[in-house]
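Chemist: Got a predicted structure here, sequence first:
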Amino acid sequence: MSQIEKQLEALKQEANNCKNCELCKTRTNIVFSDGCSNAPVIFIGEAPGQNEDETGIPFIGRAGQLLRKFMFETNFKDGDFYIANTLKCRPPKNRKPTKEEKAACCNFLEKQIELINPKLIVLVGSTALESFIDDKKLTITKARGKIFEKDGRKFFPIFHPSYLLRYHSLEENSPRYLFKKDLETIRAIIN
């Protein structure tokens with residue numbers, strides 16, 4: 001086990017004992033991360049859903065399966081990515097995380113980013129975008145596919161795969177088409 005893996009494991013244990021907000025009372029499991037500790041890219045989503053809460057693994061429900069399907073179709077390998085969320089615990093009924101909940105959990109995510117030190121941080125959906133890019137007028141539709149730089153880090157917003165569950169077309173400029181193009185761009189950046 002590498003030094004980074006040991007530090008991430010210690011951080012995960014700290015998160016397991018976290019009582020920084022009320023979500024600790026309703027969680028089944030914390031959902032810390034999945035993927036490689038020396039990955040060149042971190043995908044950051046909103047918060048765990050029911051499937052994630054039950055298993056402790058991020059992005060494994062229907063939306064997560066779609067994300068992973070598209071990632072592997074665009075030649076991502078297991079060692080290429082690390083996945084986390086803005087929250088480690090599931091909000092009741094999968095509601096959007098509050099600012100207070102994100103603030104209570106941000107130290108874990110910031111430490112994960114610091115330890116992995118990726119080339120690129122992919123912001124999956126509007127909640128992740130809002131958590132890192134402070135611009136109230138910026139929507140995920142306007143931001144997706146563009147690189148934002150902040151505090152020496154590169155951020156790349158993409159649609160949340162749950163949005164794609166409503167759109168099945170792969171025709172040019174459809175949400176799925178744009179999503180796949182964005183993943184191809186991410187692949188090119190990390191190569």
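Modeler: Great, that's in hand. Residues are numbered from 1 along each chain as shown.

Chemist: Would you state the strands of the protein in chain order?
Modeler: 34-35, 41-45, 81-85, 120-124, 148-150, 153-158 (DSSP state E).

Chemist: got the contact list for the second one?
Modeler: The set of residues that contact strand 41-45 without belonging to it, under Cβ atoms under 8 Å, 6 or more residues apart in numbering, is 58-59, 67, 80-86, 109, 112-113, 116, 118-125, 127-128, 131-132, 160, 186, 189-190. Where you see a C-beta, it was placed from the backbone N, CA and C, and this is true even at glycine.

Chemist: The first one now?
Modeler: Here strand 34-35 makes contact (Cβ under 8 Å, 6+ apart) with Ile57, Pro58, Phe59, Ile60, Asp78, Phe81, Tyr82, Ile83.

Chemist: excluding its backbone neighbours, what's nearest the residue positioned nearest the centre of the chain?
Modeler: Against the mean C-alpha coordinate of the chain, by Cα atoms, centre = their mean, the closest residue is Ile44 at 1.7 Å. Leaving aside its sequence neighbours, Ile44 sits nearest to Ala128 (Cβ to Cβ, 6 or more residues apart in numbering; 4.8 Å).

Chemist: And Ile116, by the same measure?
Modeler: Tyr82 is the one closest to Ile116 (Cβ to Cβ, 6+ apart), at 5.6 Å.

Chemist: do Glu149 as well
Modeler: Nearest one to Glu149, counting by Cβ to Cβ, 6+ apart, is Phe155 at 7.4 Å.

Chemist: and that neighbour, how many neighbours?
Modeler: Neighbourhood size, Phe155 [other Cβ atoms under 10 Å]: 20.

Chemist: Okay, buried residues for the longest helix that the chain contains please.
Modeler: Secondary structure assigned by DSSP state H gives helix 99-116 as the longest helix of the chain. By 16 or more other Cβ atoms under 10 Å, the buried positions in helix 99-116 come out as Glu101, Lys102, Ala104, Cys105, Phe108, Leu109, Lys111, Gln112, Ile113, Leu115, Ile116.

Chemist: Between these, which sits nearest Phe148?
Modeler: Ranked by distance to Phe148 (Cβ to Cβ), the buried residues of helix 99-116 are led by Ile113 at 14.6 Å.

Chemist: Okay, helices next: where are they in the protein?
Modeler: Per DSSP H, the chain carries helices over the ranges 3-16, 50-55, 62-73, 99-116, 126-132, 140-143, 161-164, 175-190.

Chemist: How far does the first one sit from its chain's centre?
Modeler: Per Cα atoms, centre = their mean, to the nearest Å, the displacement of helix 3-16 from the mean C-alpha position of its chain is 18 Å.

Chemist: list the helices and strands that helix packs on?
Modeler: Contacting helix 3-16 under the criterion 3 or more Cβ pairs under 8 Å, 6 or more residues apart in numbering; DSSP states H and E are the following elements: helix 99-116.

Chemist: circling back: can the strands of the chain go into CSV with extra columns for distance to Met71 and mean pLDDT?
Modeler: Converted to CSV, the strands of the chain look like this (distance: least, Cβ to Cβ, whole Å; pLDDT from 0 to 100):
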stretch, distance to Met71, mean pLDDT
strand 34-35, 10, 96
strand 41-45, 8, 97
strand 81-85, 7, 97
strand 120-124, 10, 98
strand 148-150, 21, 96
strand 153-158, 11, 98
